[in-house]
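# got a sequence here, can you build the structure:
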Amino acid sequence: MFVIANLLLAVAHILDIALTVYMWIIIISAIISWVNPDPYNPIVRFLRAVTEPIYRPIRRIIGYRLGPIDISPMIVILAIIFIQKFFISSLLDFAYKLKRGGIV
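Purely as a prediction, here's the structure:
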């Protein structure tokens with residue numbers, strides 16, 4: 001059982017790191033959007049290519065109902081925090097219980 005527990009621990013840690021990196025990408029993208037960047041800049045193009053597919057469904061559901069303020073980055077960040085606190089924490093707890101032999 002310790003092999004499965006170690007696999008789950010590794011997956012949980014990798015997911016946690018990936019979600020943290022993506023959250024920072026969203027923060028950087030939101031900050032850059034305030035200064036009207038050059039749309040042909042490779043960094044700006046990368047940030048938009050990575051974040052826009054996630055923003056699009058949120059914007060479709062919510063739209064711009066708060067005036068000119070785009071709250072989709074904040075919603076995505078809150079979703080990432082929820083996933084980290086609920087799903088990844090649950091996965092870590094399950095892996096540690098498997099490692100201790102608490103689950104048969």
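# count of neighbours near residue 44?
Under the neighbour criterion other C-beta atoms under 10 Å, residue 44 is assigned a count of 15. Where you see a C-beta, it was placed from the backbone N, CA and C, and this is true even at glycine.
# all helices for this structure, in order.
Per DSSP state H, the chain carries helices over the ranges 2-33, 42-62, 72-82, 89-100.
# pipe those helices into CSV and attach mean pLDDT per row.
Shown next, in CSV, are the helices of the chain (pLDDT from 0 to 100):
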stretch, mean pLDDT
helix 2-33, 95
helix 42-62, 93
helix 72-82, 96
helix 89-100, 92
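# run through who's touching stretch 92-102.
Residues from elsewhere that reach stretch 92-102, judged by C-beta atoms under 8 Å, 6 or more residues apart in numbering: 1, 2, 4, 5, 6, 8, 9, 12, 103.
# ok, the residue nearest to residue 81 when sequence neighbours are not counted - contacts?
Computed as C-beta to C-beta, 6 or more residues apart in numbering, the closest residue to residue 81 that is not its neighbour in sequence is residue 23, at 7.8 Å. Neighbouring residues of residue 23 by C-beta under 8 Å, 6+ apart: 77, 80, 81.
# end-to-end on stretch 25-39?
Start-to-end span of stretch 25-39 (C-alpha to C-alpha, to the nearest Å) is 17 Å.
# so how far is it off the chain centroid?
17 Å (C-alpha atoms, centre = their mean, to the nearest Å).
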